[in-house]
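Participant: below are the sequence and a predicted model for it; my questions follow.
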Amino acid sequence: MAFSLPVWLAVQEELLGPDEDNPGAPSCFDDIDDETLFQMFHLTRPCISFITDSVRIRMRKVAVKKPALSVDEMVMVALNYYAHGVASAAILQRVDLSQTDYTAVIGTVSGVIAGMSDQFISFPLMQDAKSNVAFKIEKLCGIPNVLGVLAPAHFKIRASPYEKDSFRSFVNTLGHTSVVSQFICDSDGNILSVEKCCVGSTFEQEMWESSFKGREMEEELHGPYWVIGGKSYNLSTHVLTPVSQPANDKETHFNEAHAKIHNVMRTTLGSMKRRFKCLMQLGFAQEGSLDKKSNIIKSCSVLHNIAKKFSTPPPPVAGKIEPLHPGRQRSVPVEINSEAVKARQEIIDSKFNKSVVSSSKNPPSKGVTEEDV
């Protein structure tokens, strides 16, 4: 997601393939004014048009049962659900859809959009892209050679307390029932990677170790770069965690910088949940069938990145932004990675001594805010 908007749109045809449909054909969105459109879908008209075209093209490439609704109508139903988390009676009436068929439409569209994640959620692979992401992060917080911010993202679900074993597996460390996915974002709030959809009690470190991105990083496939991780992750040569007990000013300054870039993920997830209120409550889930929840999470991540490229702001902040989940830490001591400790200390000594810190304060870097994401 390192491209600017003009370049990104220029490669649309190459990514998605040519569209054979008539681009001037009427759409079910046409008779809705721009203000109402945003209220209903939390997206702008150009953004919705791009999403609809992308879904239409994708549906021609994958095996999808011929739907009763048009693609535009299916996208309208799904976007309204993502934005509000419930079925809008006005939308269902507009497209003449029953409550029973509504659930099937959400599942179909979510599967299609989640399948587009390879095009719209991209971890920096080329050296120029890596350097660009790392440069922006270092400019924001002063920590070099970082490719993104790693964090668990918890999404509340309903689980039946009568199924005690299953229920307990969904309870996270805050006492809520949730599913958890692994997210990585850059300093601008673009989502670079989304993996997993596990029960809320899952250890973040276990998710990282078994994830594709975790294995790639730890096997040196992305070079000498870090991702920023919170206290629930183990310090390694590629996951940079804060100093647990800072002993001097340098380590304190490093932790402050670490917290600054780590907070970008909090802002990003807060923005996603304001735009896509379905993520505030994903409904009932069973441990053995989390694919549908995963597709909704991935779909909203794809749409988040698309909305950012169209500079479409989320709805305004109402109240406090939900904090990042503190994570699940093991009760037994973890073996210290001496090589990683040494590498982190080299960063602290070279970048966060008094002279470096004082010079970096002028001028300050603004970073990403709730309004920017």
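Facilitator: Everything's here; your move.

Participant: in this protein, which spans are strands?
Facilitator: When assigned using DSSP state E, the strands of the chain occupy the ranges 146-156, 178-185, 191-199, 226-228, 239-240.

Participant: so for stretch 229-238, what's the average pLDDT?
Facilitator: For stretch 229-238, the mean pLDDT works out to 94.

Participant: how long is it end to end?
Facilitator: Across its full length, stretch 229-238 reaches 10 Å between end residues, using Cα to Cα, to the nearest Å.

Participant: same question, stretch 39-48
Facilitator: Across its full length, stretch 39-48 reaches 13 Å between end residues, using Cα to Cα.

Participant: what mean pLDDT does it get?
Facilitator: 96.

Participant: in it, which residues are buried?
Facilitator: Residues of stretch 39-48 classed as buried under the neighbour-count rule (16 or more other Cβ atoms under 10 Å) are 40-45, 47-48. Where C-beta positions appear, they are placed from N, C-alpha and C, glycine not excepted.

Participant: same question, stretch 217-230
Facilitator: Across stretch 217-230, burial judged by 16+ other Cβ under 10 Å covers 217, 222, 225-230.

Participant: now the two most distant members of those.
Facilitator: H222 and G230 (19.9 Å; Cβ to Cβ).

Participant: what about A25, how many residues nearby?
Facilitator: Neighbourhood size, A25 [other Cβ atoms under 10 Å]: 9.

Participant: again but with D291, I slipped
Facilitator: Neighbours of D291 under the rule other Cβ under 10 Å: 13.

Participant: that one and A285, how far apart?
Facilitator: Separation of D291 from A285 (Cβ to Cβ, to the nearest Å) stands at 10 Å.

Participant: alpha carbons only: can I get stretch 200-209 in CSV?
Facilitator: Output in CSV follows, covering the C-alpha atoms of stretch 200-209 (Å, rounded to 0.1, in the frame of the first residue of the first chain):
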residue,chain,number,x,y,z
GLY,A,200,-10.1,-14.7,22.2
SER,A,201,-8.0,-16.7,24.7
THR,A,202,-5.3,-17.3,22.1
PHE,A,203,-1.8,-16.2,23.0
GLU,A,204,-0.5,-13.5,20.6
GLN,A,205,3.0,-15.0,20.6
GLU,A,206,1.5,-18.3,19.4
MET,A,207,-0.4,-16.6,16.6
TRP,A,208,2.8,-14.8,15.5
GLU,A,209,4.9,-18.0,15.5
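
Participant: tell me the spacing between the residue nearest to A343 when sequence neighbours are not counted and F50.
Facilitator: Leaving out its chain neighbours, the residue that sits closest to A343 by Cβ to Cβ, 6 or more residues apart in numbering is T237, at 6.1 Å. Separation of T237 from F50 (Cβ to Cβ): 40 Å.

Participant: neighbour-wise, which of the two wins?
Facilitator: Neighbour count, other Cβ under 10 Å: between T237 and F50, F50 has more, with 19 against 16.

Participant: quick one: low-confidence residue ranges for the stretch 1-150 of the chain.
Facilitator: The model of the stretch 1-150 of the chain has pLDDT under 70 over residues 1-24, 63-66.

Participant: so K213 is in contact with I184, correct?
Facilitator: Yes - with contacts counted by Cβ atoms under 8 Å, K213 reaches I184, the gap being 6.6 Å.

Participant: so what sits against both of the two?
Facilitator: 123, 193 (Cβ atoms under 8 Å, 6 or more residues apart in numbering).

Participant: neighbour count winner among those two?
Facilitator: Ranked by neighbour count (other Cβ under 10 Å), K213 and I184 place I184 first, with 24 against 21.

Participant: coming back round to it: which of the buried residues of stretch 39-48 fall in helices?
Facilitator: Among the buried residues of stretch 39-48, DSSP state H puts 40-41, 45, 47-48 in helices.

Participant: average pLDDT across the longest helix along the chain?
Facilitator: Determined from DSSP H, the single longest helix within the chain is helix 249-275. The average pLDDT for helix 249-275 rounds to 96.

Participant: and it, which residues are buried?
Facilitator: Neighbour counts over helix 249-275 (16+ other Cβ under 10 Å) mark 250-251, 253-255, 257-258, 260-275 as buried.

Participant: relative to strand 178-185, how tilted is that helix?
Facilitator: With axes from the mean of the first three to the mean of the last three Cα atoms, to 10 degrees defining the directions, helix 249-275 sits at 120 degrees from strand 178-185.

Participant: packing partners of helix 249-275?
Facilitator: Secondary-structure packing of helix 249-275 (3 or more Cβ pairs under 8 Å, 6 or more residues apart in numbering; DSSP states H and E): helix 127-141, strand 146-156, strand 178-185, strand 226-228, helix 291-309, helix 338-351, helix 354-360.

Participant: which other helices and strands does the first one contact?
Facilitator: In terms of contacts (3+ Cβ pairs under 8 Å, 6+ apart), helix 127-141 is packed against strand 146-156, helix 249-275.

Participant: for these, give me JSON lines that also has distance to I91.
Facilitator: Listed next are the helices and strands packed on helix 127-141 as JSON lines, based on distance: least, Cβ to Cβ, whole Å:
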{"stretch": "strand 146-156", "distance to I91": "23"}
{"stretch": "helix 249-275", "distance to I91": "17"}
